[in-house]
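Asker: Structure for the following, please:
(one chain, ligands or ions: 1)
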Amino acid sequence: PRLSEILNLHDFEAVARQVMPEKAWAYYSSAADDEITHRENHTAFHRIWFRPRILRDVTKVDWSTRILGHKSSMPVYITATALGKLGHPDGELNLTRAAAKHGLIQMIPTLASCSFDEIVNAADAGQVLFFQLYVNKDRSITKRIVQHAEGRGIKALFITVDAPQLGRREKDMRQKFDAEDPSEVSKAGQGNVDRSQGAARAISSFIDPALQWADLDWFRSITKMPLILKGVQSWEDALEAYDRGLAGVVLSNHGGRQLDFARSGVEVLVEVVSKLKEKRGLNFPNEKFQLFVDGGVRRATDVIKAVALGATAVGIGRPFLYAYSSYGPDGIDKALQILHEEFEMNMRLLGARTIAEIVPEMVDASNIHTH
Ligand code: FNR
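Answerer: Numbers count the residues shown, from 1 in each chain. Okay, here's the model as predicted:
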């Protein structure tokens, strides 16, 4: 279909499935085991309903916000996804350029296809970028990467904590990964490549399964960037992160690609907000300790639900990959236009003129349990 026929973020997935090379589709779309969590990420939003307010002047609505103190045109960021060139020769640069154009923040992945410097060099002056870190067994490599990122102006470090081992993504494992193809993983891929088990496994053997809470002090000693844990799935770990002085957590199950039957980020959000209020008197959104959610976000209404429940912003992954893999830079441009249009309409219908007016009373999340 022509790009003008694309009406929502789901549409990009349907097109990508038709037009993407099989190997790329398998890597981007796959999730762990029976993909129950992957499906749940989407359906969890269906359990949350709106309680709109009426008769407010909604002529003007503004969905811009701040993420870790930095401006963003919407409470959305482009989350880290590895191997951007599988879908398009410009890879992650498509995301960097779209982020510049639309005033969004991009989280650069450790396992980008483009080199880290290529991505940073493609950004506008002053464009805010975050960095996602997989921690190497060889900490000297990790130290060099982190300090290089800080030196290049990266504003926050998201340490992925839900992947001590890569999940079994069988759709991807059935494809052989061709590590000889230089388009697939940049030198930053830093490790031995096992080509027999699909892209994900091939590039991930350097990740340290021994990573633990005590290591966070070491990160504190090597960088001044705010530290955020990506992949928290319980209030207990969110509380621990808060007590250890982290800047926030991403409630995420890695797009359903790690532990199957992990709950969705938005479901975990409800218990984190409730328990951190109970135990530490925190209210959300909170400047000092920010909550992020990712997984299954496809509509502005999904974003608005997470914001109402206390998230500062949400991450979106696959839809942007599918958009640029199918239509190049115009695809991701269109995806972001669609989101902007959905924000405008849905905030009007909800009676919220600003992000601050999206309050917990505007959602009914009583179908979600707290623990
Ligand atoms: C990811 N994700 C991910 N996360 C991370 O911390 N490091 C990584 O290298 C990757 N790589 C990656 C590749 C691909 C193809 C996907 C789809 C996902 C997880 C990602 O940051 C995020 O948690 C999910 O993608 C969010 O779910 P949606 O928006 O894709 O449904």
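Asker: ok, for the closest residue to the ligand within the stretch 101-250 of the chain, nearest residue in space, not its chain neighbours?
Answerer: At 3.7 Å from the ligand, Thr160 is the closest residue in the stretch 101-250 of the chain, using Cβ to the nearest ligand atom. C-beta: built from backbone N, CA, C; applies to glycine. Setting aside the residues directly before and after it, Thr160 is nearest to Lys230 in space (Cβ to Cβ, 6 or more residues apart in numbering), at 4.8 Å.
Asker: Am I right that that neighbour falls within a strand?
Answerer: Yes - assessed with DSSP: H, G, I helix; E, B strand; the rest coil, Lys230 lies in a strand.
Asker: what about the helices in the stretch 51-200 of the chain?
Answerer: 93-102, 116-122, 139-151, 170-173, 198-203 (DSSP state H, counting those that start in this stretch).
Asker: weakest of those helices in terms of mean pLDDT?
Answerer: Mean pLDDT is lowest for helix 198-203 among the helices of the stretch 51-200 of the chain, at a mean of 75.
Asker: Return the distance of that helix from the chain's centre.
Answerer: 20 Å (Cα atoms, centre = their mean, to the nearest Å).
Asker: Establish whether the one helix or strand Val272 maps to and the ligand are in contact.
Answerer: In this assignment (DSSP states H and E), Val272 forms part of helix 265-280. No - using Cβ under 6 Å from any ligand atom, helix 265-280 stays clear of the ligand, coming no nearer than 8.2 Å.
Asker: name the helices or strands packed onto that helix?
Answerer: Packed against helix 265-280 by the contact rule (3 or more Cβ pairs under 8 Å, 6 or more residues apart in numbering; DSSP states H and E) you find helix 235-243, strand 248-251, strand 290-294, helix 300-308.
Asker: export it as CSV, just CAs?
Answerer: Below are the C-alpha coordinates for helix 265-280, written out as CSV (Å, rounded to 0.1, in the frame of the first residue of the first chain):
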residue,chain,number,x,y,z
GLY,A,265,5.1,-2.8,31.8
VAL,A,266,1.9,-1.0,32.2
GLU,A,267,0.6,-3.6,34.6
VAL,A,268,3.8,-3.4,36.6
LEU,A,269,3.4,0.4,36.7
VAL,A,270,0.3,0.2,38.7
GLU,A,271,1.9,-1.8,41.6
VAL,A,272,5.1,0.3,41.5
VAL,A,273,3.2,3.6,41.8
SER,A,274,1.1,2.2,44.6
LYS,A,275,3.9,0.6,46.6
LEU,A,276,6.4,3.5,46.3
LYS,A,277,3.7,5.8,47.6
GLU,A,278,3.0,3.5,50.5
LYS,A,279,6.6,2.7,51.4
ARG,A,280,8.4,6.0,50.6
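Asker: what inclination does it have with respect to helix 300-308?
Answerer: Angle between the axes of helix 265-280 and helix 300-308 is 10 degrees (criterion: axes from the mean of the first three to the mean of the last three Cα atoms, to 10 degrees).
Asker: mean confidence for helix 265-280?
Answerer: 98.
Asker: likewise stretch 52-66?
Answerer: For stretch 52-66, the mean pLDDT works out to 98.
Asker: give me every residue that touches the residue in the chain that the ligand sits nearest to.
Answerer: Nearest to the ligand, among the residues of the chain, is Gly317, at 2.6 Å (Cβ to the nearest ligand atom). Counting by Cβ atoms under 8 Å, 6 or more residues apart in numbering, Gly317 touches Thr79, Ala80, Thr81, Gly255, Asp294.
Asker: Which helix or strand contains the nearest residue in space to the first one that is not next to it in sequence?
Answerer: Read it as Thr79. Excluding its sequence neighbours, the residue lying closest to Thr79 (Cβ to Cβ, 6+ apart) is Gly315, at 3.2 Å. For Gly315, the host element (DSSP H and E) is strand 313-316.
Asker: Up against the ligand, what does the stretch 101-250 of the chain have?
Answerer: Counting by Cβ under 6 Å from any ligand atom, the positions of the stretch 101-250 of the chain adjacent to the ligand are Pro109, Leu111, Gln132, Thr160, Lys230.
Asker: helices and strands around the longest helix along the chain, which ones?
Answerer: What stands out as the longest helix in the chain, according to DSSP state H, is helix 329-350. Where contact means 3+ Cβ pairs under 8 Å, 6+ apart, helix 329-350 is packed against helix 9-19, helix 93-102, helix 300-308, helix 318-327.
Asker: Buried deepest among those, which one?
Answerer: Mean neighbour count (mean count of other Cβ atoms under 10 Å) peaks for helix 318-327 among these, with a mean of 26.
Asker: picking up where we left off before, could you check the pLDDT of the residue of the stretch 101-250 of the chain closest to the ligand?
Answerer: Per-residue pLDDT puts Thr160 at 98.
Asker: That one contacts Gly231, doesn't it?
Answerer: Yes - counting by Cβ atoms under 8 Å, Thr160 touches Gly231, with 5.6 Å between them.
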